[in-house]
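1. Have a look at this prediction, sequence included:
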Amino acid sequence: MNLTQKQIYDWLIQCSQTFTREQDYLTELDTTIGDGDHGLNMNRGFQKVAEKLPTVADKDIATILKTTGMTLLSSVGGASGPLFGTFFIKAAQSTVDKDSLTVADLAELITVGTEGIVSRGRAEPNDKTMCDVWWPISEALTLASSQPLDKAITAAVAAAKQGVESTINMQARKGRASYLGERSIGHPDPGGTSVLLMIETLQQVIK
Ligand SMILES: Nc1ncnc2c1ncn2[C@@H]1O[C@H](COP(=O)(O)OP(=O)(O)O)[C@@H](O)[C@H]1O
Ligand SMILES: [Mg+2]
């Protein structure tokens, strides 16, 4: 079973509910090692996405992803808006002409999207950023390419959880959290936590 256009659409709409529900938690994480706006940024961004997507509901996957990226880029301040925006804009390019996505296509989408984030933010492994969660997800999906979609997503969620867990002991070297130096150690990365929430939301949608 492939990931359908409708599932991608539903996923992005449901992300708006996820981020409304988790706004306070994400803000709390970002208050500890940043400036406390991450929950608000993600919630505001995905509310705009949920407003905008119905205008392209019948368009192809690439258009839906690109619209999501452009909307995040233009509506979210902070570091995370342009980074998540770039993720979806780059991801869209990997899906042009595809009516549905295999696990391998999804792995490719996330790999290419993450490369987009890196080209903008220059994060390296263990810098304590959202990339420390995107990378394990793309690795897990690539490894699970021959598995059914639900199994692959389950592996991706497990990898994302481990990724978030791994950020706890990292010292931030990018973004505002890096200003804290060693005091950034001991707390999960807010942006990485948002990535986990997005993958868990995708899992809900395909269930
Ligand atoms: N250079 C970067 N590369 C990748 N992710 C980054 C980078 N800088 C910051 N981030 C991510 O952005 C998150 C913070 O987002 P947010 O609070 O919304 O923006 P800001 O840091 O501008 O307040 C961090 O938790 C981290 O995951
Ligand atoms: Mg912040």
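-> Nice, thanks for sending it over. In this text, all values refer to a predicted model and were calculated from it rather than measured experimentally. Residues are numbered from 1 along each chain as shown. Ligands and ions are numbered 1, 2, ... in the order given.
2. near ligand 2, which residues of the protein?
-> Residues of the chain found near ligand 2 (C-beta under 5 Å from the ion) are 30, 34, 35, 37, 38. The C-beta positions use only the backbone N, C-alpha and C, and glycine is treated the same way.
3. Max pairwise distance over those: which two?
-> Distances among the residues of the chain next to ligand 2 were taken as C-beta to C-beta; the most separated pair is 35 and 38, at 8.4 Å.
4. Of those two, give the one with the bigger neighbour count.
-> residue 38 (27 against 13; other C-beta atoms under 10 Å).
5. Please name the residues that touch the more buried one.
-> Residues in contact with residue 38, defined by C-beta atoms under 8 Å, 6 or more residues apart in numbering, are 26, 27, 29, 30, 78, 80, 190, 191, 194.
6. In helices, which of those residues appear?
-> Judged by DSSP state H, helices contain the following of these: 26, 27, 29, 30, 80, 190, 191, 194.
7. can you redo the residues you listed as JSON lines with neighbour count, distance to residue 151 and pLDDT?
-> Below are the ones in helices among the contacts of residue 38 laid out as JSON lines (neighbours: other C-beta atoms under 10 Å; distance: C-beta to C-beta, whole Å; pLDDT from 0 to 100):
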{"residue": "26", "neighbour count": "24", "distance to residue 151": "28", "pLDDT": "98"}
{"residue": "27", "neighbour count": "21", "distance to residue 151": "34", "pLDDT": "97"}
{"residue": "29", "neighbour count": "23", "distance to residue 151": "30", "pLDDT": "98"}
{"residue": "30", "neighbour count": "27", "distance to residue 151": "33", "pLDDT": "97"}
{"residue": "80", "neighbour count": "26", "distance to residue 151": "30", "pLDDT": "94"}
{"residue": "190", "neighbour count": "31", "distance to residue 151": "29", "pLDDT": "98"}
{"residue": "191", "neighbour count": "33", "distance to residue 151": "27", "pLDDT": "98"}
{"residue": "194", "neighbour count": "28", "distance to residue 151": "24", "pLDDT": "98"}
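8. Pick out the residue of the protein closest to ligand 2.
-> Going by C-beta to the ion, ligand 2 is nearest to residue 34 of the chain, at 3.9 Å.
9. In this structure that residue contacts residue 188, no?
-> No. The criterion here is C-beta atoms under 8 Å, and residue 34 misses it with residue 188 at 11.8 Å.
10. ok, those two, which is more surrounded?
-> Each of residue 34 and residue 188 has its neighbours counted (other C-beta under 10 Å); residue 34 has more, 25 against 21.
11. how about the nearest residue to residue 191 once chain neighbours are set aside, phi and psi?
-> Nearest non-adjacent residue to residue 191, counting by C-beta to C-beta, 6 or more residues apart in numbering: residue 130, 3.6 Å away. The phi and psi values for residue 130, taken as degrees, to the nearest 10, are phi -60, psi -30.
12. Now do the contacts for residue 130.
-> Contact analysis of residue 130 by C-beta under 8 Å, 6+ apart lists 80, 83, 84, 117, 123, 189, 191, 192, 194, 195.
13. and the next element down the chain from the helix or strand encompassing the second one?
-> Meaning residue 83. Taking DSSP states H and E as the criterion, residue 83 maps to helix 80-93. Counting by DSSP H and E, the next helix or strand C-terminal to helix 80-93 is strand 100-101.
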